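Undergrad: Need the 3D shape of this:
(one chain, ligands or ions: 1)
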Amino acid sequence: MKYTAKVKTEDQLSTVLADENSEALMLDYALIKSIPAMDERKGKKIFISMPEVLRELRAESVAGNLRQLFEEKDFPDKGLPVACSNRNLSRPDGVVIKNIDEIGFVKKCGLFENVIGDAFLYAYNCRAVSFYKNEFPGMKFILSDELTDDENAELVKRSGLKPEEFFYKIYGHQVLMVTNQCFQKNYGGCKNDDGIHRVDFFDEKENRFIAVSKCREGACEILSGRPVLMLDKQKEILEKFGKINFLLDFTIESKKETERILSLIQKENPEKMDGISRGHHYRGID
Ligand SMILES: [Zn+2]
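TA: Below is the predicted model:
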């Protein structure tokens, strides 16, 4: 089975890139300096994810980075500071936007092609989808984690878009919240580096949650403790949605765990994994 994967670490990036079944990779913004060179990609598309939080003071440096990554012709608007276009750098094929403000930002940078809307971006109905489509006609969408499969299938159908314009997350920890607070700061001190730091915590019912802090960027994602896994439902999903893109969302997985998921996805009847969840695919949020 072919798939697209989101990756947050160097290990995840190299593992997915080496796998012959991956078609496209969405790199976390922290991996902006690790975009694979053209000859390493073997035809796989590379997208760079915008930061979770885009603070005003940081916006110019992000714009500068994007300018360096894309060709000059992608930047007809000269309103932003022009960094030299380094043609030796491997340029990504497109970007993943996470917030509504990034629409304006990406547009101002002159990027119109190959834009993907993250699951965290609000797109719960056809009106929202057509709003984004007006901005970026070629935009594709990662389906929301908060809708059931029935609701998402209805959305795909009514939107008038093709199933190929959507991504169905078949594996991954759900992002419950994005905050500027550093959890790491409370447990051992803020690292203030480019790494990804994990803190586990529990609610009163012993449910586990994982805080993933990106100290330098000043953003922290709160993830569900149990990954949502639908690898064994591939046939059912294709029957319901048509030829939709499958997405693996790697966040905290080690190299070994990443390899394990990549091997499971190719099995007709993958063995049961402990501690998984079906998320809201069947039972929605009340
Ligand atoms: Zn920190």
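
Undergrad: Look up the closest residue to residue 222, ignoring the ones flanking it.
TA: Nearest non-adjacent residue to residue 222, counting by CB to CB, 6 or more residues apart in numbering: residue 177, 4.2 Å away. C-betas here are computed from N, CA, C, even on glycine.

Undergrad: so where does the one you found fall, helix or strand?
TA: Using DSSP states H and E, residue 177 sits in strand 175-179.

Undergrad: Now do that strand, average pLDDT.
TA: Averaged over strand 175-179, pLDDT sits at 89.

Undergrad: do that strand and the ion meet?
TA: No - judged by CB under 5 Å from the ion, strand 175-179 stays clear of the ion, getting no closer than 11.5 Å.

Undergrad: just to revisit the earlier point, can you tell me how far the residue nearest to residue 222 is from the ion?
TA: 16 Å (CB to the ion, to the nearest Å).

Undergrad: my guess is that residue contacts residue 221, does it?
TA: Yes - using CB atoms under 8 Å, residue 177 makes contact with residue 221 at a distance of 7.3 Å.

Undergrad: So if I had to pick from these two, which one is more boxed in?
TA: residue 221 (22 against 11; other CB atoms under 10 Å).

Undergrad: tilt between the helix or strand harbouring the more buried one and strand 175-179?
TA: Taking DSSP H and E as the definition, residue 221 sits inside strand 219-224. Here the directions of strand 219-224 and strand 175-179 differ by 160 degrees (axes from the mean of the first three to the mean of the last three CA atoms, to 10 degrees).

Undergrad: SS state for residue 260?
TA: Per DSSP: H, G, I helix; E, B strand; the rest coil, the local secondary structure of residue 260 is helix.

Undergrad: State the phi and psi torsions of the residue nearest to residue 202 when sequence neighbours are not counted.
TA: Leaving aside its chain neighbours, residue 202 sits nearest to residue 208 (5.6 Å; criterion: CB to CB, 6+ apart). Here is the backbone geometry of residue 208 (degrees, to the nearest 10): phi -90, psi 140.

Undergrad: For residue 208, give me its contacts.
TA: Contact partners of residue 208, counting by CB atoms under 8 Å, 6 or more residues apart in numbering, are 200, 201, 202, 225, 226.

Undergrad: Quick check: the farthest pair among those residues?
TA: 201 and 226 (14.1 Å; CB to CB).

Undergrad: Mind checking which of those two has more residues around it?
TA: residue 226 (19 against 14).

Undergrad: Which helix or strand contains residue 64?
TA: Counting by DSSP H and E, residue 64 is part of helix 56-69.

Undergrad: Surely residue 26 is within a helix?
TA: No - per three-state DSSP, residue 26 lies outside any helix segment and is strand.

Undergrad: ok, it touching residue 115?
TA: No - checked against CB under 8 Å, the pair residue 26 and residue 115 is beyond contact range at 11.7 Å.

Undergrad: if I look at the two, which residues touch both of them?
TA: residue 96.

Undergrad: Who does the strand holding residue 221 pair with, and is each partner parallel or antiparallel?
TA: strand 175-179 (antiparallel), strand 208-214 (antiparallel) (DSSP bridges).
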